[in-house]
Structures are given as C-alpha cells and as structure tokens.
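>>> Here is a sequence together with a model predicted from it:
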Amino acid sequence: MTPPLRILSLEDDPKDAELIQELLEAEKIVCEVKRVESEAEFVAAIKEGNIDLILADYTLPSFDGISALKRALGCCPDVPFIFVSGTLGEEVAIEALKIGATDYVLKTRLSRLVPSVHRALREARGRAERKRAEDALRRSEAYLVEAQRLSRTGSFGWDVSSGELYWSEETFRIFECEPATKPTVELVIDRTHPGDRVRVRQLIDGASAERKDFDFEHRLQMRDKTVKYIRVVGRPSTVDESAPLQFVGAVTDITERKRADEALRESEERFRTMADTLPEAIWIPALNPETILYVSPSFERIWGRPLADLHRNPCFWAEAIHPEDRDRIAGIFGHWISGEGDGYQNVEYRITQPNGAIRWIHERGVLSLDEQGRPHRVSGIWEDITDRKRAQCDLQEALYEIKKLKDRLYEENIALKEEIDKTSMFEEIVGESPALQAVLARVAKVAPTDSTVLVTGETGTGKELIARAIHKRSRRAERAFVSVNCAVVPPSLIASELFGHEKGAFTGAMQRRLGRFELAEGGTIFLDEIGELPPETQIALLRVLQEREFERLGGAKAIRANVRVIAATNRDLRDAIDAGTFRRDLYYRLNVFPIEMPSLRERKEDIPLLVEYFIDRYATKMGKKILGINRATLERLKSYTWPGNIRELQNVIERSTIVCETENFTVDESWLLQKPDESDQASRPLFRMPVSEEKKTIEAALADAQGRISGPSGAAAKLGIPASTLDSKIRALGINKYRFKTV
C-alpha cells in the first residue's frame, strides 16, 4: 500500500487548502495536508521534516511566498516547492522559478495543479536517484583510493600511439610527483634507478611491440637519492590488433617487502653463524624422504662422529643410542613424528661414542607441518648434559650424608631443645616464688588445649602477660592475639568493637567494619576487665561461647567464630552476679579454667629479681650505667605493700632510673611512704569487696581527692587501680563524680 503524500500548505484561507486537497484526492492522489499560515509555523514545520511537497500561496498577511521559498531551499532543498496563488504575476513567477521554485499554478487555473504535482514528484524522484548514484560513485571512488593507499598499489593507463599516461592518485604518491605533473614514459625512465633503466626500457619497448602482458620488478631512485622497489603489472586493454594499443595496469610499492626479505636473509645468516658456534648441536631433518637439511658443527664434539656420517645415514643418531635407552627413545620419537604424541621436550638418554665413552644427551624438538597438516620437518637441539648428571649424582650423595648428619643432630638436640623451650616460654614473666611457679604450672597445662580461661587478680599483677603466655604455648601461636580492654571502650560501642557492624547499622557507620572476633579468627582474643561488659553485650558473648557464632551489628548473617577466649578481671564476679550486674551463665562459661594471679605482696621474694629486671631494661633504654642497688633501697622496696602491684613497681623503677645520677641505684623514700589506710586497702583489694561497699570506698576516695580521678593525688592512685578502670566503675555503679568537686 502506497503511503499518503505528505503536503505542507502555506495558506491563510482554510477553504482554499481544503479545495486543493479535494482536487488531489479526486485524482486519486492520497495525501495528508498540514496547513500553516505564519512564518513561525512554516519554519517549525520544515525543520520537523517528513514533507514530500510544499504548496505555498504568494501573498500572506505577515509572510510572503518568496521568503518562504528561500527558507525551504535552505532547510529542505530536495522537496518540490509549487506556488499556488491568485495574485502571482508573470515577473514574480519567473523570479521564483529562477530562485528554485518547481512550478507555479494560478488559483483561477487549478486544473493545472495535478499535472504540476505529478511532474514535480517525478523530477524529485529523478534528482534523488541521481544523487544516490552520484553518492554511490563517490563512495566507490573513495573506497578505491583508500584501498590503493592501504595496499600501496596505484593504477595506470597507457595509450601507446599517443604516448599519454594516466596515473591514479596513489601512483603519483609512489613516484613522488605532484598531481599536476604530466606523466610520461620518459618521466618513468627518469625516476628508474640508473642500474635498472636499460632493462626497464627494453621491457616497455618489448611489451608495446609484441602487445603482450608484462610483470616485472625494478627500483626507483627519488630526488633525495632514496631507493624504492616497485612491481609493475600490465596487459593490453583489447586483443583486437586493429584497435589502438592501450595498456592498463598497476604499480605496487614493495619496498617494505624487499626490506623484510633482506632482513630475513640477514637473520638467517646470523642464525646460522650463532648455531655454528653454540655448544649445543642443532639438527633439522626432513621426514619424507628422511634427509638432513642442517646440522651444526657441535654434533662432532658431542657424538664423536664426523658430520659426513650423519648426512650419509640420517638414522645414524638412533643407532648410537645406548642399547638400554634405544627402544624407549624410538617409541617416543616415532609417536611424536606421526602427529599423535604430546610433544618431544626434555627427552634424556645415553649415547655410546666410538671410543666406548658414555655421554648423556638432553633433546627437545619442534615438529613442522605441511599445508595438508602432515608432519614434514623436525627442528631439534642436542645438549650434552654428562657433567650435569655427574653433578646430580654427587649432589644426591652429599644430600644423603647431610640427611644422616641432620637426623643425628636432631636426635642429640631433642633434650636441649625441650630444656630451652621450658626456660623461654615465660621469658616475659620474671620470678621464682612458689606462688608464681604454681600459676605457670597451670598455664603450661591449659595452654595446649582450646579451653576458655578466666584470669583473676588485682590490677597490675600481669594478667595480660599470662594470657599471652597461654597463646604463645597453644596450637594457635602462629595466628593473631587480639587484646580488648572492655573498661576503656564506651558501653554504647563495645558490641561494635567486639563483633563489628554493617554499613548503616547506626549513625556514623559509613562502611562495614570487622570486629575483634573476626580479626582474631584462628587465634586468641583476650577480654580484659570482663566484668565491665554491659548486659546486652554479655548476651552476645555468651552466644559466641555456646554456639561459636555471632552476628555483626545491623547484620542478619551468622558468622562462625574459631577463636579461643581468655578473659580477665580484677573484680569478684560472684559479687557482681549477686548485684545483678553480671550474668551467672556467662560466668560459668568463662570460668572453665580459672587462674588467680598472686599480688606482689604474696610473692615478695620476686621483688629483687623484678627490680634487677626493670633496672636493666630502663638503664639500657636511657643509656645509663647502673652497677648496684643500695641495700636500704632494696629493703624499702621489699617492705612496701605495693597496692598497684608490679605496675606500680615498674613505674617507681622507671622514675628512679630517670633521676639516678650515680652507678648505685636508689629510690626516693617519699615515693614509698605508707599511708595509714593503705595497708588496709592493700590487704583488701577493691575488686574483692561487695558492690555496696565498693561504691562507698570509691565515693570516699573521690571525696578525699576532691572529685579528681587521675594524677598522683587522684582517686585512682589512692585506690591503686588505673584511672580508666575507676572511670568505668564510676559509670557502672552510677556514681556522680561531679558532686565531689570543689569550686
């Protein structure tokens, strides 16, 4: 079905537009008419497109037909434009036709409209077909020019009788001539290399005289003395001898191919030179028939035979293989050259030289196929590996002797290794007191297991050192040891710290974060100050201990936990259970293997060792030389009750080392003054008190320190606990520390 004719009508009278449409449809011209009457509407319509014909009145209230014609020619010049007007004079009509109108029809003679429309559409189709043909021709010519440029092949025509030559654009480029240059046979001869001119002249004369095809190569010499290689192919354009003789042909720039051929020849020559000097022997035999194409001189040194023997008998190499290896190698080689094998690489065998000497050969080869895919040539390398084989035998003997010595050394050192291991497993823990040795004995028993351990004791007794010693002695020693102080992390963040969180789990959670349990996967996690955990976090920890899994905050996926848990506290968790601040079921899960750390008061015999250890550490660090300890100082250190335990002792030693100016170590007596209530405080640590009494003790210390927590005169120092631990206890017990501050 033919689509309707799309007509744009520039007409201010709707009745005239309808009359025109009725007239066209009466002549069976199916059409769709879009009427516009203003300049803006007309411009918008032609820019929109989809128009087959424009019918325009000449006189409009605000627009004239000539302006509309110019607009249409600028936007859609291929669309026929017919004036249909009652006021169009002859002079104006002629001017419109000159400008580019297709035709004009007076409204008083509308009978001419249908023939005019048919003629205009026919001419438009003709123009469109010509334009398509011209475009196709231009594309074809462009393709030909581009193809010639890419292939570096130009074309030519030669009229022998007139001597005229026609060159394509690429031919001009090959001869390096300007397109305006007139090509002649003499120009060709002039550009030909002097060494080829006579031969080229003879070939041209012979081709023109005998009317035969020609195909030859020669050199061109450019103005800058550079040389090009070209191939010229031509044939007569007709075989009719009575017709004027003309040749058509092609000129191809083959300079790069010639240079590649020359480079290949040079490469082959270098390869032959290199192959002749290599210690390995290179051999290239053909298979059908079996002949030797090339063998490098190293063959004579390796096989002990002259090259002539191999050329006379190509199978000679196989006959020289040691009898014990011959059948194996023949099978591998035959399977390979049949095209069925996996390859011929790293093949080793022995050969027997004429003098009876045995040599080891390492061989590898490449199989070449012909056009039908059948094996037709082999390229291989023979390498003499006799010295390497002998070295391997010597190495095996040496390795066997080393193994025997190693086994003997291992057996002799087992006892020594065990002794060293026993003495070094607790190198960070100093002391020989029975109380400490009892703790270390329990550590040695529980360390190889995966049991949960609960370490209790006053602050500063070395609970984390014990946890690290357990980890170091366990099967998890090669994995991570992750330590978390539950009293330092705010209660609102402790769950995220331990178990991690997903992105958006809470305000500020901008991305996923792994918790400490995930970081300790396969290793050990140490939970210090376990008694400070909030109740909701205690529930999550209980799940880890019971089911060995947890979920990140904001996540719904259970994560398996392969982690050993070691917990520590300086509080009496049973009192916390009675006070309702610690879960009973969590306590029993943690208290699988309890270890109680003795206070420094309970192991005073270790004080001299600890003092010596700390003096050595800090003196070395500070570059001081301390040779002895004042006897009175040592007695004062031993008689002091040490409410802060080893941590307090360490701080005192470090402070004294800083101010020490002699080789004899002393401690300021004022640093060890015993306050009246300090012995009571030392004899009854804070963590052993009931919760109600603990609260009263903390409040009394805060009142005495005027609300100050840290510092030498702060409440933490008076109670002998870290300031962070005291701050955590104040929050847990709901104590308002600000009411003790003085203005």
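Noted; the coordinates are in hand.
>>> Gln511 in helix, strand or coil?
Put simply, Gln511 is coil when judged by DSSP: H, G, I helix; E, B strand; the rest coil.
>>> With Ile54 instead?
The assignment at Ile54 comes out as strand when based on three-state DSSP.
>>> Repeat that for Val455.
Under three-state DSSP, Val455 falls in the strand class.
>>> Who are the packing partners of the longest strand belonging to the chain?
As assigned by DSSP state E, the longest strand anywhere in the chain is strand 358-369. In terms of contact count using 3 or more C-beta pairs under 8 Å, 6 or more residues apart in numbering; DSSP states H and E, strand 358-369 is assigned the packing partners helix 323-337, strand 344-352, strand 375-384, helix 386-424. C-beta coordinates here come from the backbone N, C-alpha and C atoms, glycine included.
>>> Distance of Ala723 relative to Tyr640?
With distances taken as C-beta to C-beta, to the nearest Å, Ala723 is found 21 Å from Tyr640.
>>> Please put the alpha-carbon coordinates of the strand or helix carrying His218 into CSV.
Per DSSP states H and E, His218 falls inside strand 214-221. Taking C-alpha atoms only, strand 214-221 is exported to CSV below (Å, rounded to 0.1, in the frame of the first residue of the first chain):
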residue,chain,number,x,y,z
PHE,A,214,54.2,-7.7,-18.6
ASP,A,215,55.1,-8.2,-14.9
PHE,A,216,58.5,-7.1,-13.5
GLU,A,217,60.2,-5.5,-10.5
HIS,A,218,62.7,-2.7,-10.5
ARG,A,219,64.0,0.1,-8.4
LEU,A,220,63.1,3.8,-8.3
GLN,A,221,65.6,6.5,-7.3
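>>> hang on, the earlier thing: redo the helices and strands packed on strand 358-369 as CSV? Include mean neighbour count and mean pLDDT.
Compiled in CSV, these are given as follows (neighbours: other C-beta atoms under 10 Å; pLDDT from 0 to 100):
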stretch, mean neighbour count, mean pLDDT
helix 323-337, 14, 86
strand 344-352, 16, 88
strand 375-384, 18, 86
helix 386-424, 10, 70
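>>> For these, give me JSON lines that also has distance to Ser155.
Formatted as JSON lines, these follow (distance: least, C-beta to C-beta, whole Å):
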{"stretch": "helix 323-337", "distance to Ser155": "49"}
{"stretch": "strand 344-352", "distance to Ser155": "51"}
{"stretch": "strand 375-384", "distance to Ser155": "40"}
{"stretch": "helix 386-424", "distance to Ser155": "64"}
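>>> Leu545 is nearest to which of these?
Between Leu545 and the helices and strands packed on strand 358-369, the shortest gap by C-beta to C-beta is with helix 386-424, which sits at 30.6 Å.
>>> Give me the residue ranges of the chain where confidence is low.
Scanning the chain for pLDDT under 70 picks out the ranges 1, 239-243, 275, 341-342, 407-408, 410-428, 673-691, 712, 742-743.
>>> Isn't Glu348 up against Glu383?
No - assessed by C-beta atoms under 8 Å, Glu348 is found out of contact with Glu383, at 9.6 Å.
>>> quick one: the longest strand of the chain to chain centroid distance?
Averaging C-alpha positions (C-alpha atoms, centre = their mean, to the nearest Å) puts strand 358-369 40 Å from its chain's average.
>>> With stretch 126-138 instead?
53 Å.
>>> Run a quick neighbour tally on the closest residue in space to Arg326 that isn't next to it in sequence.
In this structure, Arg326 finds its nearest non-sequential neighbour in Ala318, 7.1 Å apart by C-beta to C-beta, 6 or more residues apart in numbering. For Ala318, the neighbour count with other C-beta atoms under 10 Å is 13.
>>> before we move on, what about Arg479?
Neighbours of Arg479 (other C-beta under 10 Å): 17.
>>> Go through stretch 617-637 and flag the buried ones.
Tyr618, Ala619, Lys624, Ile626, Ile629, Thr633, Leu634, Arg636, Leu637 (16 or more other C-beta atoms under 10 Å).
>>> Which pair in these has the greatest spatial separation?
Every pair of the buried residues of stretch 617-637 checked by C-beta to C-beta; the farthest is Lys624 and Arg636, at 21.0 Å.
>>> How about the contacts made by Gln221?
Arg191, Thr192, His193, Pro194, Val227 (C-beta atoms under 8 Å, 6 or more residues apart in numbering).
>>> Which strand residues bridge the second one?
Residues in a beta bridge with Thr192, per DSSP bridges, are Leu220.
>>> That one contacts Leu203, correct?
No - using C-beta under 8 Å, Thr192 is not in contact with Leu203; the gap is 10.6 Å.
>>> Leaving aside the residues adjacent along the chain, what's closest to the residue of the chain positioned farthest from its centre?
Relative to the centre of the chain, the most outlying C-alpha is that of Thr108, 80.7 Å out, by C-alpha atoms, centre = their mean. Distances taken as C-beta to C-beta, 6+ apart put Gly86 closest to Thr108, at 6.3 Å, once the chain neighbours are dropped.
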